[in-house]
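[1] no sequence on this one, just coordinates:
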């Protein structure tokens, strides 16, 4: 009687695919461009959070609180990409929505907060946040659509 052959865990298709995704994510996260985007994104989020006190519209409580919450959320979201690139870059669309919110916030939040300095500050920082988030999102889409890189075609052969 012959003994059945058992495949080792190291040769399991899911383990191999996971290793390939991890290797791709590690290579992508260590490129200078992605590291620069992450650093600029973190600074952008921190500036948005502190902008009421930097620009001088801290007397406008509704917009100050909105910018503080939005800026901290953006910095945390975009700053998390360096630690878990393969899992978090797919959520970069949420950071893009925060950038859009920063742009429209002076006109949307309650109170008369749409002054020249609030509009200029929020539109510029929101546009920068939006562009950085779209860049991160495009990297995630490129990963997902590459055959064998964790996209739908990676499991098609089974």
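    Noted; the coordinates are in hand. Predicted model only: the values in this text are computed from it and were never measured.
[2] Please name the nearest non-neighbouring residue to residue 104.
    residue 126 (7.9 Å; Cβ to Cβ, 6 or more residues apart in numbering). The way it works is simple: take the backbone N, C-alpha and C, and place the C-beta from them, glycine included.
[3] same for the helix or strand that contains residue 77, what does it pack against?
    Element membership of residue 77 [criterion: DSSP states H and E] is helix 61-79. With contacts taken as 3 or more Cβ pairs under 8 Å, 6 or more residues apart in numbering; DSSP states H and E, helix 61-79 sits against helix 32-51, helix 92-108, helix 116-145.
[4] among those helices, which is nearest residue 72?
    Nearest to residue 72, of all the helices and strands packed on helix 61-79, is helix 32-51, at 5.0 Å by Cβ to Cβ.
[5] Go through the closest one and flag the buried ones.
    34, 37, 38, 40, 41, 42, 44, 45, 47, 48, 49, 51 (16 or more other Cβ atoms under 10 Å).
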